[in-house]
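Trainee: for reference, the sequence and a predicted model appear below.
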Amino acid sequence: MTRSAVSEHDQPDSLYLRQGPTELALSPGQGGAIIGWHHGGTSLMRKVQPGPDGTVSVRQLASYPLIPFSNRIAHGQFSFEGQSYTLPRDTRETRHAVHGNALLAPWEIIRASTAEAWLRLASSPNRPDLLAFPFAYEATQLYRAREDGFEIEISIRNQDRRAMPAGMGHHLYFPRLPGVKVRFAATAMWESDQEALPAARTHQWRSQLEAGLGDLDSVNFDNCFEGWAGQAILDYPEQGYRIRIEASPLFGHAVFFTPPGKDFFAFEPVSHLNNAINQPDGPQAHGLKILKPDEAITGWIRLSREAL
């Protein structure tokens with residue numbers, strides 16, 4: 001793919017997709033992540049956030065895949081089908097395993113064209129360049145640039161000889177610009193305990209979020225919402241556009257993240273509750289899937305820009 005005209009996109013292995021005014025910059029070598037999305041030269045997602053040493057990690061890009069689980073697994077420990085497992089804890093949040101291992105791996109480019117890229121990751125417990133996950137799986141991301149935005153089709157297939165727990169999502173970051181308002185519907189929000197794990201359902205914030213929540217600097221969300229209706233609207237009235245996020249029914253949950261003092265926020269379509277694998281009523285009650293050998297799940301996420 002040709003080099004982007006937008007310099008902050010450029011990474012060593014950048015891949016650019018274009019369709020009309022849309023430009024989508026990807027980093028296959030950094031978790032198959034999204035570096036940036038531009039419409040007519042305007043950046044619509046969080047810009048690259050270099051670290052103190054000037055380097056850029058996958059967590060500082062615009063979005064990255066959450067595979068084979070989303071968010072936190074408490075203390076990196078879980079039991080499944082009579083066996084106990086321990087996962088590596090996150091290097092930044094040392095209490096828990098976070099966001100799976102796919103974001104930290106280079107993805108293979110299976111096919112790429114002007115407007116489409118198909119990426120693949122093969123994970124196995126013995127692969128030395130990946131954080132350990134005790135089940136072998138194959139994941140794919142099919143990115144498609146569209147005139148008004150882009151779409152991601154995500155799949156995960158169990159490549160192990162035994163059943164495996166599986167979930168997925170994408171960690172979409174957006175600029176926290178003046179006047180931005182966030183709207184979405186969900187049946188309940190999970191309040192978090194002192195360890196940032198889901199503790200109890202609440203209907204607080206439901207009406208405000210359905211009507212549209214502004215002044216994101218006055219709130220501090222890091223919560224999972226269940227029964228997400230599959231659509232979120234981000235209005236940027238001062239900039240004259242909105243972003244519409246849509247997702248297939250597999251993504252029945254969403255994480256809303258508004259870190260204090262930052263110039264960005266995140267809206268993350270995900271398939272399951274945080275720490276679903278350790279919920280007392282079972283992981284499947286909270287969206288996590290149990291895949292038999294060679295069984296797969298597939299879902300899509302679509303982002304569109306609309307003029308206001």
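Mentor: Here it is on my side, so go on.
Trainee: tell me the helices in the stretch 201-308 of the chain, going along the chain?
Mentor: 206-211 (DSSP state H, counting those that start in this stretch).
Trainee: strands along that one, start to end?
Mentor: For the stretch 201-308 of the chain, applying DSSP state E, counting those that start in this stretch gives strands covering 222-226, 231-236, 241-247, 253-257, 264-270, 289-291, 296-307.
Trainee: how distant is the second one from the center of its chain?
Mentor: So the one you mean is strand 231-236. 16 Å (Cα atoms, centre = their mean, to the nearest Å).
Trainee: next: stretch 221-236.
Mentor: Using Cα atoms, centre = their mean, the offset of stretch 221-236 from its chain centre is 13 Å.
Trainee: with stretch 33-43 instead?
Mentor: Worked out by Cα atoms, centre = their mean, stretch 33-43 lies 16 Å from the chain centre.
Trainee: grab the nearest non-local neighbour of residue 116.
Mentor: Ranked by Cβ to Cβ, 6 or more residues apart in numbering and with sequence neighbours excluded, the top spatial neighbour of residue 116 is residue 144, at 5.1 Å. Bear in mind the C-beta positions are built from the backbone N, C-alpha and C, glycine included.
Trainee: would you reformat the strands of the stretch 201-308 of the chain as a markdown table and include mean neighbour count?
Mentor: Formatted as a markdown table, the strands of the stretch 201-308 of the chain follow (neighbours: other Cβ atoms under 10 Å):
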| stretch | mean neighbour count |
| --- | --- |
| strand 222-226 | 22 |
| strand 231-236 | 19 |
| strand 241-247 | 20 |
| strand 253-257 | 24 |
| strand 264-270 | 23 |
| strand 289-291 | 19 |
| strand 296-307 | 18 |
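Trainee: wait, which of these is closest to residue 139?
Mentor: The closest approach between residue 139 and any of those, judged by Cβ to Cβ, belongs to strand 296-307 at 9.6 Å.
Trainee: helices or strands up against the closest one?
Mentor: strand 149-158, strand 241-247 (3 or more Cβ pairs under 8 Å, 6 or more residues apart in numbering; DSSP states H and E).
Trainee: could I get those as JSON lines with mean pLDDT and distance to residue 133?
Mentor: Shown next, in JSON lines, are the helices and strands packed on strand 296-307 (pLDDT from 0 to 100; distance: least, Cβ to Cβ, whole Å):
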{"stretch": "strand 149-158", "mean pLDDT": "98", "distance to residue 133": "11"}
{"stretch": "strand 241-247", "mean pLDDT": "98", "distance to residue 133": "24"}
